[in-house]
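Peer 1: when you get a sec, could you give me coordinates for this:
(one chain, ligands or ions: 2)
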Amino acid sequence: MEAPFEEFGSLVFGEKQMQERLPKPVYTAWKKTVSSEGTLDRQTADSIAHAMKRWALENGATHYTHWFQPLTGATAEKHDAFVEPGPDHEPITHFSGKNLIKGEPDASSFPSGGLRATFEARGYTYWDVTSPAFIKDGVLCIPTVFVSYNGESLDKKDPLLKSIKALSDAATKVVNLLGEKDVRSCKPYVGLEQEYFLIDRKYFEERPDLRLTGRTLFGAPASKGQELSDHYFGSIPTRVAEFMKDVNKELWKLGIYAKTEHNEVAPSQFELAPVFSEANTAVDDNQLTMDILRKTAEKHGLACLLYEKPFDGINGSGKHNNWSILTDNGSNLFAPGEKPAENIRFLTFICAFIRAVDDNALLLRMSASSAGNDHRLGANEAPPAIISVYLGSYIEQILYGLYMEHPSQSKNREATPTEFNPISGLSYIPHDNTDRNRTSPVAFTGNKFEFRMLGSSMSAAVPNIVLNSIMAESLNEIAEELEGIKYLQDVRAKALDICRNIIHDHKRILFSGDGYSSEWVKEAKRRGLPNVRSFVESIEVLEDKKTVKMLTDLGVYTEKELAAREEIYREQYIKQIGIEVRTLLSMTRKDILPAMTADLKFYSDADAAAGKAAPAYLKARVTELSELIDETYKASEMLEKDFTEVNAAGITKEAGKKMYYDICPEMEKVRSFIDKYEVIATPDNYKLPTYEDMLFSL
Ligand code: ADP
Ligand code: MG
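Peer 2: Ligands and ions are numbered 1, 2, ... in the order given. Okay, the predicted model is just below:
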């Protein structure tokens, strides 16, 4: 590879390394395992492990780890050195096939939602042969799934792999029924756009709320926000450009095709997007990307904030999940082709997806939600909390044309969208089939669906598990209806019938208007579309009988695993709010009330010193500050009392909802007084970095 990309993939033990370093039969055995046509025997595993160890040592690694994705949403690793005492007490390096394939982290502290009682705390990690090992910070990382002693999945990767298999089986059936003969698998592909904030590290360190909760729990808006839109796509600040350069370098070494980078809408907000890849590795790579963003920021004296809403009043950060399905011969099942109206396979897959989304809107809503994302979804910036699908007028017209059974009508419409040539001298301007609608949570963008609800800090595993599963279910239904029809012509006619029925039953989910408007909220209600307000409420879908049946029938989760996840989500939510409450109370007591009191003294001293000649301003300040101190004090005491009461109830549905509907607004109330104070605070007494410091210093 030519400079500056000569190090691309140098830290990945991928296909190329395998081919070069493994004896042919071993390589072939590995390939067969990857395509699920074989299993690894002991000897093959030993041989791969040996080659991997040699490669890792040559590249400076001293340790290895089974890298896994527990239900915390983060990644976990426990390092073991390659070196150990040999038979003569001489140091030797050791890494066997067993070390590669299976690990047993003493992982009793990971959330398991009751799947694992502490007396049988064992959990096992198993190598995921489909994602390559890599070196990070001198450690050979082996991507693994994490399961309990009884085989229940304790992580996000195992169900993801199962959902990929379910989707592949279903899509392959439908594709072959529709006329292909030799498609053997269909894989989901994913491209994740990652948004984040960067601030100077010194400010980050001075704000306990940022360090402990990921967001500022108070802070008055700076005099300038994002109203001028002067940051978006603007020239990247030098310090940030240097940071991005380093991030790219690290990602490229890991074989991640970091591609696009730009300033985002909010001040100090940026975005990074890689080239899309197979869903499993795309999710892994996104976890790695978040890790590298954080660590590289630290090296540059910056802090990378991945939290969904670090600052009030300006945009938060999300993650766009671009998702499509490709056959093993590389054709994209969502590609409309030259004549979408006649492309039965395309229409079938689009309709299958529409039904999947409409039938499982609640599950999709849950999959993209978190405590942090509650500050975005439905809050006038991110997609609304109501799920709808945007197809673009062109595709929508084709579907309605088909539905109205006026094929000629839909064909005529193929002339739209109108041709235009914005720049003279360009004879060829490639044409998109879809216009842009930034307010839609699920948008068709040419040959893929963009699921835009994800929070920036979360693992993309669950949203993809859900997309894969609901699509698999919808396609299985179609396959059932098509199976047994003798002639291809009849199969295709039947497929169009199925599409018409789907459009009839599910057109309510299609929406092209402004998803942020209040009219849409009303219209959605009229259409019977669910509008779940909070994350804690959204997780109740995991008890829904139809949802449980779908996910268990597909073999993605067991009933027990789903119940465990609901419990873990609720527990995490309640704990997260607890951390926020305690942090807010502590800052109020240590930083805010003392500063207010010092300011009060400052003004009352000045007022007293001036005697009769004191300007009205001083008295006004004294009054204002006295009131603010009172109000802040009262509101924070009340918050503590109410929180303690709700928290004492433990992890219950009721407690979860009370945290959202009672405790969060009480935190907002405390915040409102602090923000009012911040506007008049004197810099001598109020020491915390302000929004202006944090957002306008790069
Ligand atoms: P946007 O205009 O939404 O900012 P882009 O069009 O640049 O985004 O693409 C965003 C992401 O979509 C990239 O990561 C890109 O690789 C990915 N992408 C492109 N085509 C596909 C596809 N067929 N399947 C999945 N992801 C895709
Ligand atoms: Mg996008």
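Peer 1: report the secondary structure state of residue 531.
Peer 2: coil (DSSP: H, G, I helix; E, B strand; the rest coil).
Peer 1: and for residue 501?
Peer 2: Recorded secondary structure, residue 501: helix (three-state DSSP).
Peer 1: and it, how many neighbours does it have?
Peer 2: Neighbourhood size, residue 501 [other C-beta atoms under 10 Å]: 14. Yep, even glycine has a C-beta here, placed from its N, CA and C like the rest.
Peer 1: also residue 484?
Peer 2: 8.
Peer 1: quick one, strands of the stretch 401-550 of the chain?
Peer 2: 442-444, 449-451 (DSSP state E, counting those that start in this stretch).
Peer 1: just say which of these is most tucked in.
Peer 2: Counting by mean count of other C-beta atoms under 10 Å, strand 442-444 has the highest mean neighbour count of the strands of the stretch 401-550 of the chain, with a mean of 25.
Peer 1: who touches that one?
Peer 2: 334, 350, 357, 364, 387-392, 395, 434, 436-437, 449-452 (C-beta atoms under 8 Å, 6 or more residues apart in numbering).
Peer 1: pull out the buried residues from stretch 203-218.
Peer 2: Neighbour counts over stretch 203-218 (16 or more other C-beta atoms under 10 Å) mark 203-204, 206-210, 213-218 as buried.
Peer 1: okay, now the domains of this structure?
Peer 2: As given by the TED database, the domain ranges for the chain are 15-154, 163-407+434-557, 572-696.
Peer 1: deepest-packed of these, please.
Peer 2: Buried most deeply of these, by mean count of other C-beta under 10 Å, is domain 163-407+434-557, with a mean of 20.
Peer 1: ends of it, what's the gap?
Peer 2: 9 Å (C-alpha to C-alpha, to the nearest Å).
Peer 1: do the same with stretch 212-225
Peer 2: End residues of stretch 212-225 are separated by 25 Å (C-alpha to C-alpha).
Peer 1: give me the residues contacting that stretch.
Peer 2: Residues contacting stretch 212-225 (C-beta under 8 Å, 6+ apart): 207, 209-210, 266-267, 305-314, 372, 375, 457, 576, 579-580, 583-584, 587, 592, 667, 670-671, 674-676, 678-679, 690-692, 694-696.
Peer 1: okay, now the sheet partners of the top strand by length along the chain, with direction.
Peer 2: What stands out as the longest strand in the chain, according to DSSP state E, is strand 186-200. Using DSSP bridges, the strands paired with strand 186-200 are strand 269-274 (antiparallel), strand 277-278 (antiparallel), strand 302-305 (antiparallel), strand 319-327 (antiparallel).
Peer 1: hmm, the first one touching ligand 1?
Peer 2: Yes: when contact is scored as C-beta under 6 Å from any ligand atom, part of strand 269-274 falls within range of ligand 1: 273-274.
Peer 1: how about residue 310, what does it touch?
Peer 2: 197, 210, 214-216, 316-317.
Peer 1: list the contacts for residue 655?
Peer 2: Taking C-beta under 8 Å, 6+ apart as the criterion, residue 655 is in contact with 574, 646-647, 649.
Peer 1: how close does it sit to residue 215?
Peer 2: Distance, residue 655 to residue 215, using C-beta to C-beta, to the nearest Å: 22 Å.
Peer 1: residues of the stretch 201-350 of the chain that sit close to ligand 2?
Peer 2: residue 320 (C-beta under 5 Å from the ion).
Peer 1: pick out whichever of the contacts of residue 655 sits closest to ligand 2.
Peer 2: The closest of the contacts of residue 655 to ligand 2 turns out to be residue 574 (C-beta to the ion; 32.2 Å).
Peer 1: tell me which of the contacts of stretch 212-225 fall in helices.
Peer 2: 209-210, 576, 579-580, 583-584, 587, 667, 670-671, 674-676, 678-679, 691-692, 694-695 (DSSP state H).
Peer 1: show the average pLDDT along stretch 455-472.
Peer 2: The average pLDDT for stretch 455-472 rounds to 98.
Peer 1: only alpha carbons, please: show it as CSV.
Peer 2: C-alpha atoms of stretch 455-472 as CSV (Å, rounded to 0.1, in the frame of the first residue of the first chain):
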residue,chain,number,x,y,z
GLY,A,455,-27.5,7.4,20.7
SER,A,456,-23.9,8.3,20.1
SER,A,457,-22.4,6.3,23.1
MET,A,458,-24.3,3.1,22.7
SER,A,459,-23.2,-0.2,21.1
ALA,A,460,-24.8,-0.6,17.7
ALA,A,461,-25.3,-4.3,18.4
VAL,A,462,-28.9,-4.2,19.6
PRO,A,463,-30.3,-1.9,16.8
ASN,A,464,-28.8,-4.3,14.3
ILE,A,465,-30.0,-7.4,16.1
VAL,A,466,-33.5,-5.9,15.9
LEU,A,467,-33.2,-4.8,12.2
ASN,A,468,-32.0,-8.2,11.2
SER,A,469,-34.5,-10.1,13.2
ILE,A,470,-37.6,-8.1,12.2
MET,A,471,-36.6,-8.3,8.6
ALA,A,472,-35.9,-12.0,8.9
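Peer 1: do it and ligand 2 meet?
Peer 2: No: Stretch 455-472 stays out of contact with ligand 2 when judged by C-beta under 5 Å from the ion, the minimum separation being 12.7 Å.
Peer 1: run the chain-centre distance for that stretch.
Peer 2: On the basis of C-alpha atoms, centre = their mean, to the nearest Å, stretch 455-472 sits 8 Å off its chain's mean C-alpha point.
Peer 1: with that, I have no additional questions.
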